[in-house]
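Novice: quick one, fold the following:
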Amino acid sequence: LGPPAAAARPVPGATPPPPHKVREPVTQHLYPSRLEAYAGRAGQPPQLLAGVGVRSKRVLGSALHLYSVGLYVEPAGARRAAAGYDDLLAALIAADSAQTLRIVIESRLVNSARLVESFDERLFKPMKLAGELEVYHELRASLRSVDLKPGKSILLSITEAGELVAEDGGGRELGRASSKRLCSAILDIYMGDDTVSPPCKAAIAAGLPPILAAPAEATAGRPDAPAGGALPVSSASAVEPAASTKSVAKAPAAVPAGGGAEAASGLPREALGGTWETTHAEGVDDFLAAVGVPMFVRAFAVGRYTLDCKKIEVAPGGGRVTFTDFRGMKANAAPVEYSPGVPRQRKDKAGTQLTETGRWDAGSWVVETKGYQRDKHPPMVSTFTPGGDGTMRSVSTYRGKVMTRAWVQRASQPLAAAAAAAAASK
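Specialist: Down below sits the predicted model:
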């Protein structure tokens, strides 16, 4: 570990408004939507909050909440990392892009020694296999030097050069280590297949598409740029303005229906409207299994979700959104109509009573669904993000499983005519 880097001078010019804050729903910890001081320097390119969740552990049958954790990404780097990948989380784990993990302690049982021991469980083996144990031991020593207690935070920043920089909540650098293997292994703890925080992984998976979909100018230092709006929270109270200002805009979810129709991505909300069909799908079988779909049903259902078709209607201003499924080129169910922020009840085909709440997050439509598995787990979160070029990406997360699908608008015959033609051909 080298000596702490000198803090860079602030970038000259007008100071941008402070970011709003996002509340992690379990611990109630607040996370700024934007970071500009990380990796040992101030005045850095803004990183945006992609998602935040709680790290819990089962103790004597009860959930003990240890700490919350959030991931920040630098939008341009995240876009480069995601290019050509269907699995966004895997892309970030393997990427040479700037990212920051912010950890806020919740439990009094978590001190620096116990935090390091928990990292050992996931980092010792891969670092040993890589022949880089000495680098990891230096990181362990730096983390042991911080005094951790409830409310205290640490930053673990990853640079494009593959350097990991550890800081305490006050910006004091604890140390740094140069190892791309270590950077990937740290990210894998929270975004990998065996994540220690399924809520955090799900929130990141839902929060990334709005960040990636926004053009560069929409996320370059803007306080209202997408910032983890697809977090697993269900009310606008989860987003709070910074204490130092009364003029900071609330998160997009707090915008009344019919107002603020222009999305932060530069696309109007109406851009989500159209008839869409899938061109690619990932993680469908694992996702349906997590929902509880039996194996013999999944053998059929996977094909229907992989070759899917939806008609989405968006009222002017986004005050009403209607989904109609046309799997197999015929309507599978009655149209489902949402009003932003208004819960609606429905039953799925298995008879499960569900409660769905839709909301706008910048240019993305986000639906949280409660009722699966008797609400033993956080809600299912589905995010639909138009690309502005006749494409759309959807990400659905539940119990740590992620289903991603790419869509294109049908440019040929109208859906009704296509469905009629399909029926006539049978």
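Novice: give me the below-cutoff pLDDT ranges for the stretch 51-200 of the chain.
Specialist: Segments of the stretch 51-200 of the chain classed as low confidence (criterion: pLDDT under 70) are 60.
Novice: can you give me the strands in it?
Specialist: If DSSP state E, counting those that start in this stretch is used as the criterion, the strands of the stretch 51-200 of the chain fall at 62-73, 99-105, 153-158, 163-168, 173-178.
Novice: what separates stretch 92-101 from the chain centre, distance-wise?
Specialist: Centre-to-centre, stretch 92-101 and its host chain are 14 Å apart (C-alpha atoms, centre = their mean, to the nearest Å).
Novice: just the CA atoms of it, as CSV, please.
Specialist: Listed next in CSV are the C-alpha coordinates belonging to stretch 92-101 (Å, rounded to 0.1, in the frame of the first residue of the first chain):
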residue,chain,number,x,y,z
LEU,A,92,-19.1,-4.2,-14.1
ILE,A,93,-17.4,-6.9,-12.1
ALA,A,94,-15.0,-7.6,-15.0
ALA,A,95,-14.6,-4.0,-16.1
ASP,A,96,-11.8,-1.5,-15.9
SER,A,97,-14.1,1.3,-14.9
ALA,A,98,-14.4,3.7,-12.0
GLN,A,99,-16.7,2.4,-9.3
THR,A,100,-17.2,3.0,-5.6
LEU,A,101,-18.7,0.9,-2.8
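Novice: circling back: and Ser197, which of the strands of the stretch 51-200 of the chain is closest to it?
Specialist: Checking the strands of the stretch 51-200 of the chain against Ser197 by C-beta to C-beta gives strand 62-73 as the closest, at 6.0 Å. Where you see a C-beta, it was placed from the backbone N, CA and C, and this is true even at glycine.
Novice: that older thread, let's have the strands of the stretch 51-200 of the chain in CSV, adding distance to Val367 and mean neighbour count.
Specialist: Putting those into CSV (distance: least, C-beta to C-beta, whole Å; neighbours: other C-beta atoms under 10 Å) gives the following:
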stretch, distance to Val367, mean neighbour count
strand 62-73, 22, 22
strand 99-105, 27, 23
strand 153-158, 31, 23
strand 163-168, 36, 22
strand 173-178, 41, 20
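Novice: mind putting these in JSON lines, distance to Met295 included?
Specialist: Shown next, in JSON lines, are those (distance: least, C-beta to C-beta, whole Å):
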{"stretch": "strand 62-73", "distance to Met295": "29"}
{"stretch": "strand 99-105", "distance to Met295": "36"}
{"stretch": "strand 153-158", "distance to Met295": "39"}
{"stretch": "strand 163-168", "distance to Met295": "41"}
{"stretch": "strand 173-178", "distance to Met295": "44"}
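Novice: out of those, which gets nearest to Ala299?
Specialist: Minimum separation from Ala299 across these (C-beta to C-beta) falls at strand 62-73, 34.1 Å.
Novice: okay, the angle between the closest one and strand 99-105?
Specialist: Comparing the axes of strand 62-73 and strand 99-105 via axes from the mean of the first three to the mean of the last three C-alpha atoms, to 10 degrees yields an angle of 150 degrees.
Novice: hmm, back to that, any idea which of the strands of the stretch 51-200 of the chain gets closest to Gly273?
Specialist: Scanning the strands of the stretch 51-200 of the chain with C-beta to C-beta as the criterion, the closest one proves to be strand 62-73, at 28.4 Å.
Novice: tell me what angle the closest one forms with strand 153-158.
Specialist: Inter-element angle recorded for strand 62-73 and strand 153-158: 50 degrees (by the same axes, to 10 degrees).
Novice: put the alpha carbons of strand 62-73 into CSV.
Specialist: Presented in CSV, the C-alpha positions along strand 62-73 are these (Å, rounded to 0.1, in the frame of the first residue of the first chain):
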residue,chain,number,x,y,z
SER,A,62,-33.8,-13.8,13.0
ALA,A,63,-32.3,-11.4,10.5
LEU,A,64,-29.4,-9.3,11.9
HIS,A,65,-28.8,-6.3,9.8
LEU,A,66,-25.0,-5.7,9.7
TYR,A,67,-24.5,-2.8,7.3
SER,A,68,-25.9,-1.2,4.2
VAL,A,69,-23.9,-1.0,1.0
GLY,A,70,-24.4,1.1,-2.2
LEU,A,71,-22.6,1.1,-5.5
TYR,A,72,-21.7,4.2,-7.5
VAL,A,73,-20.6,4.1,-11.1
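Novice: let the chain start at 619 from now.
Specialist: Yes, from this point I'll number from 619; that puts the last item at strand 680-691.
Novice: and that strand, how far out from the chain's middle?
Specialist: Using C-alpha atoms, centre = their mean, the distance from the centre of strand 680-691 to the centre of the chain it belongs to is 14 Å.
Novice: equivalent analysis for stretch 813-832, please.
Specialist: For stretch 813-832, the separation from the chain centroid amounts to 1 Å (computed by C-alpha atoms, centre = their mean).
Novice: distance of the residue nearest to Ala712 when sequence neighbours are not counted from Lys929?
Specialist: If you skip the residues right next to it in sequence, Ala712 has Ser802 as its closest partner in space, 6.2 Å away by C-beta to C-beta, 6 or more residues apart in numbering. For Ser802, the distance to Lys929 (C-beta to C-beta, to the nearest Å) stands at 41 Å.
Novice: ok, for Arg697, nearest residue in space, not its chain neighbours?
Specialist: In space, not counting the residues next to it along the chain, Arg697 is nearest to Leu830; the distance is 5.6 Å by C-beta to C-beta, 6+ apart.
Novice: tell me the angle of the host helix or strand of that neighbour relative to strand 680-691?
Specialist: Assignment of secondary structure by DSSP states H and E places Leu830 within helix 816-831. Angle of helix 816-831 versus strand 680-691, following the same axes, to 10 degrees, is 20 degrees.
Novice: could I get helix 816-831 in PDB with only the CA atoms?
Specialist: This file holds the C-alpha atoms of helix 816-831, laid out as PDB (Å, rounded to 0.1, in the frame of the first residue of the first chain):
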ATOM      1  CA  PRO A 816     -29.500  -9.900  -2.600                       C
ATOM      2  CA  PRO A 817     -31.400  -6.600  -2.000                       C
ATOM      3  CA  CYS A 818     -28.300  -4.600  -3.000                       C
ATOM      4  CA  LYS A 819     -27.700  -6.700  -6.100                       C
ATOM      5  CA  ALA A 820     -31.400  -6.400  -7.200                       C
ATOM      6  CA  ALA A 821     -31.300  -2.700  -6.600                       C
ATOM      7  CA  ILE A 822     -28.200  -2.300  -8.700                       C
ATOM      8  CA  ALA A 823     -29.600  -4.400 -11.500                       C
ATOM      9  CA  ALA A 824     -32.700  -2.200 -11.600                       C
ATOM     10  CA  GLY A 825     -30.900   1.100 -11.200                       C
ATOM     11  CA  LEU A 826     -28.200   0.600 -13.900                       C
ATOM     12  CA  PRO A 827     -30.400   0.700 -17.000                       C
ATOM     13  CA  PRO A 828     -31.600   4.300 -16.500                       C
ATOM     14  CA  ILE A 829     -28.000   5.400 -16.000                       C
ATOM     15  CA  LEU A 830     -26.800   3.600 -19.100                       C
ATOM     16  CA  ALA A 831     -29.700   4.800 -21.200                       C
END
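Novice: all good on my end, thank you.
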